[in-house]
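[1] I would like to see how this sequence folds:
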Amino acid sequence: MVCTNQLGALASYGQLYYAFQPRLDNCNEGWLISGEIAFTEISDDKCTLKSPDQRSNVIPCDSYHSGCYCYREYNTSFENVDFFPNTQRIVRLTKGKSKKLSANESVKYSLTYQEAEFMCIGYGGILANRTQVENAQRLGYDCCSAGWVQNGVTFIPADASYDDASAVCANQLGSLASYEQLYYAFQPRLDNCNEGWLISGEIAFTEISDDSCTLKSPDQRSNVIPCDSYHSGCYCYREYNTSLENVDYFPYTQRIVRLTKSKSEKLSANESEVCCSNCFGGRLATPLEVYNASYSLGVDFCIKGWYLGWLAGNPCTGSNSPSEFWFYPTGNAIKLIDPMIKYFSFCYIPLPNHSITSPDPFPPHRVMSVCGDFNYPYTLTYQEAELSCIGYGGTLANRTQVENAQRLGYDCCSAGWVQSGEVIYPITHQRSYCFNSNNDPVKSWGYKNRNHAFCGFCYI
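    Next up is the predicted model:
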């Protein structure tokens with residue numbers, strides 16, 4: 001009406017562009033006849049206009065107040081004209097200029113999937129698919145606001161538990177996305193790599209060592225799965241199907257997942273065992289199973305964690321083949337330690353309708369070092385070492401058993417008690433910090449006061 005009173009009409013983007021290009025003295029936001037607001041480009045703060053097929057001005061769907069750009073001549077035939085370029089048919093929508101949002105929304109993201117879909121239909125179009133957006137980007141389209149596409153995945157910023165995250169996605173007429181949906185929607189690179197819940201219970205983008213904004217293939221991922229309180233954003237998929245609630249979301253080729261207690265606390269040995277069994281119907285993985293997943297499949301499990309038998313350590317020390325896992329240096333990193341120490345844990349989840357089996361997690365020679373901690377190993381008196389071995393279902397080893405283990409490749413540079421009260425350690429590889437001047441396969445520190453603290457050797 002303002003423009004009509006000026007004996008004209010709202011200007012089209014093309015009229016504005018050709019009238020003022022290459023530079024405007026007035027770059028205020030303002031209505032155009034297409035319904036878009038001029039000068040609401042996302043990242044360009046210069047007082048210039050992009051070419052018509054490269055613009056990304058916002059189009060409001062609800063209340064929005066702004067100035068206006070008028071063209072002096074009015075032609076009623078313009079009322080049904082298509083004001084968008086033939087080569088680029090995607091526009092950016094919003095609900096209003098200052099819509100207030102709930103805790104589960106952000107100021108930038110104000111449309112549910114259905115609202116976005118209806119809004120596109122209202123403009124005589126349809127919700128774009130990913131390929132169409134990619135084609136638009138190749139033609140110069142720039143938009144740094146995440147938005148819905150057909151069959152799409154979107155990130156909702158929130159501070160939500162798993163149940164709350166499920167409710168957030170349900171409110172968007174969808175459900176939490178699976179890892180595969182996230183992977184195929186955004187691969188190979190995301191502009192948004194925030195941590196977020198997936199329907200499997202894992203937290204996307206919590207890989208151990210990969211800090212790039214990429215996603216690993218589904219059978220190589222190592223995202224953490226919380227066993228207790230954890231708050232994060234969420235990745236939603238637009239379609240919800242109740243039949244998906246009982247789907248197995250883990251790859252058939254790789255059944256080991258990494259567990260934690262919460263965002264700020266890891267798990268003790270017993271907590272690891274309980275969570276794996278009660279929450280996933282699984283059992284703790286053996287060190288060799290975790291090593292196989294890392295060595296053969298490329299899964300990044302290179303971090304200290306709990307295993308079956310309450311063994312602990314980092315399985316990625318060295319590069320032995322799986323058949324030589326228990327040899328130096330790889331097997332040297334696996335020990336029995338204080339079960340109250342908090343680590344991640346590695347849980348083996350059986351395939352659907354498969355029974356759970358419990359393989360032997362210990363090396364063939366059956367000797368394992370028991371210590372207080374990896375950083376401070378010498379914490380056990382003779383009696384404490386003896387009781388620890390009994391607690392693990394074994395006995396304190398004798399010297400012969402440790403010597404036999406050494407002949408089978410066992411190497412441990414932490415001196416420990418044996419039954420006789422002697423403190424010894426077996427080595428297969430001489431090194432500066434673990435040197436045996438006499439080249440004895442088992443180095444002896446002699447018989448010590450049994451109240452002094454060392455490690456111990458258990459025969460399991």
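[2] what stretches of the stretch 101-250 of the chain score poorly on pLDDT?
    For the stretch 101-250 of the chain, the stretches flagged by pLDDT under 70 are 101-110, 112-114, 130, 144, 146, 150-151, 172-173, 186-192, 210-212, 239-246.
[3] show me where it has its strands.
    153-160, 175-176, 196-197, 203-204, 224-226, 232-237 (DSSP state E, counting those that start in this stretch).
[4] nearest to Ser444, out of the ones you listed?
    strand 224-226 (43.0 Å; CB to CB). Yep, even glycine has a C-beta here, placed from its N, CA and C like the rest.
[5] which strands and helices lie in contact with that closest one?
    Using 3 or more CB pairs under 8 Å, 6 or more residues apart in numbering; DSSP states H and E, the elements in contact with strand 224-226 are strand 203-204, strand 256-260.
[6] would TSV of those strands with distance to Asn439 and mean neighbour count be doable?
    Output for the helices and strands packed on strand 224-226, formatted as TSV (distance: least, CB to CB, whole Å; neighbours: other CB atoms under 10 Å):
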stretch	distance to Asn439	mean neighbour count
strand 203-204	50	24
strand 256-260	40	24
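[7] returning to what we had before: same list, the strands of the stretch 101-250 of the chain, but as a markdown table with distance to Lys448 please.
    Below are these laid out as a markdown table (distance: least, CB to CB, whole Å):
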| stretch | distance to Lys448 |
| --- | --- |
| strand 153-160 | 53 |
| strand 175-176 | 57 |
| strand 196-197 | 52 |
| strand 203-204 | 47 |
| strand 224-226 | 42 |
| strand 232-237 | 50 |
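[8] turn the helices and strands packed on strand 224-226 into CSV, including distance to Glu289.
    Formatted as CSV, the helices and strands packed on strand 224-226 follow (distance: least, CB to CB, whole Å):
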stretch, distance to Glu289
strand 203-204, 22
strand 256-260, 6
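[9] which one of these lies closest to Glu324?
    strand 256-260 (20.4 Å).
[10] how far does stretch 422-431 stretch from one end to the other?
    Start and end residues of stretch 422-431 are separated by 23 Å (CA to CA, to the nearest Å).
[11] in that stretch, what's buried?
    Within stretch 422-431, the residues scored as buried using 16 or more other CB atoms under 10 Å are Glu422, Val423, Ile424, Tyr425, Pro426, Ile427, Thr428.
[12] which residues are in contact with that stretch?
    327-329, 399, 402-403, 405-406, 409-418, 434, 436, 439, 441-448, 454, 457 (CB atoms under 8 Å, 6 or more residues apart in numbering).
[13] pLDDT of it, averaged?
    Per-residue pLDDT over stretch 422-431 has a mean of 91.
[14] all helices for the stretch 51-200 of the chain, in order.
    113-122, 130-138, 162-171, 179-186 (DSSP state H, counting those that start in this stretch).
[15] same list, the ones you listed, but as a markdown table with mean neighbour count and distance to Ala293 please.
    Formatted as a markdown table, the helices of the stretch 51-200 of the chain follow (neighbours: other CB atoms under 10 Å; distance: least, CB to CB, whole Å):
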| stretch | mean neighbour count | distance to Ala293 |
| --- | --- | --- |
| helix 113-122 | 16 | 36 |
| helix 130-138 | 14 | 31 |
| helix 162-171 | 18 | 25 |
| helix 179-186 | 19 | 16 |
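[16] need the ones you listed in a markdown table (columns: distance to Pro226).
    What follows is the helices of the stretch 51-200 of the chain, written out as a markdown table (distance: least, CB to CB, whole Å):
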| stretch | distance to Pro226 |
| --- | --- |
| helix 113-122 | 27 |
| helix 130-138 | 30 |
| helix 162-171 | 8 |
| helix 179-186 | 15 |
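[17] domain assignment for this protein?
    1-140, 151-243, 252-361, 362-460 (automatic domain parsing).
[18] check the offset of the second one from the chain's centre.
    Just to be clear, that refers to domain 151-243. 8 Å (CA atoms, centre = their mean, to the nearest Å).
[19] again with stretch 323-337
    So, by CA atoms, centre = their mean, the centroid of stretch 323-337 is 28 Å from its chain's centroid.
[20] wait, Leu127 touches Val149, no?
    Yes. Between Leu127 and Val149 there is a contact under CB atoms under 8 Å: 6.6 Å.
[21] from Ala293, how far out is the closest residue to Ser294 other than its chain neighbours?
    Spatially, and ignoring its direct neighbours in sequence, Ser294 is nearest to Phe301 (4.9 Å; CB to CB, 6 or more residues apart in numbering). Separation of Phe301 from Ala293 (CB to CB, to the nearest Å): 6 Å.
[22] then Ile303?
    On the measure of CB to CB, Ile303 and Ala293 end up 13 Å apart.
[23] now swap in Thr381 and tell me
    Thr381 is 37 Å from Ala293, by CB to CB.
[24] could you do Cys455 as well?
    Taking CB to CB, one finds Cys455 at 28 Å from Ala293.
[25] now swap in Ile356 and tell me
    Counting by CB to CB - Ile356 and Ala293 are separated by 18 Å.
[26] how about Pro329?
    19 Å.
[27] neighbour-wise, which of the two wins?
    Legend: neighbour count by other CB atoms under 10 Å for Pro329 and Ala293, higher for Ala293 (24 against 15).
[28] correct me, but that one touches Val257?
    No. Between Ala293 and Val257 there is no contact under CB under 8 Å: 10.2 Å.
[29] still on that earlier bit, what touches both of Phe301 and Ala293?
    Ile256.
[30] what is the burial count for the nearest residue in space to Thr381 that is not next to it in sequence?
    Nearest residue to Thr381, sequence neighbours excluded (CB to CB, 6+ apart): Asn451, at 5.4 Å. Neighbour count for Asn451, taken as other CB under 10 Å: 9.
[31] same thing with Val224?
    Neighbours of Val224 using other CB under 10 Å come to 21.
[32] off-centre distance for stretch 303-312?
    The answer for stretch 303-312 is 21 Å, by CA atoms, centre = their mean.
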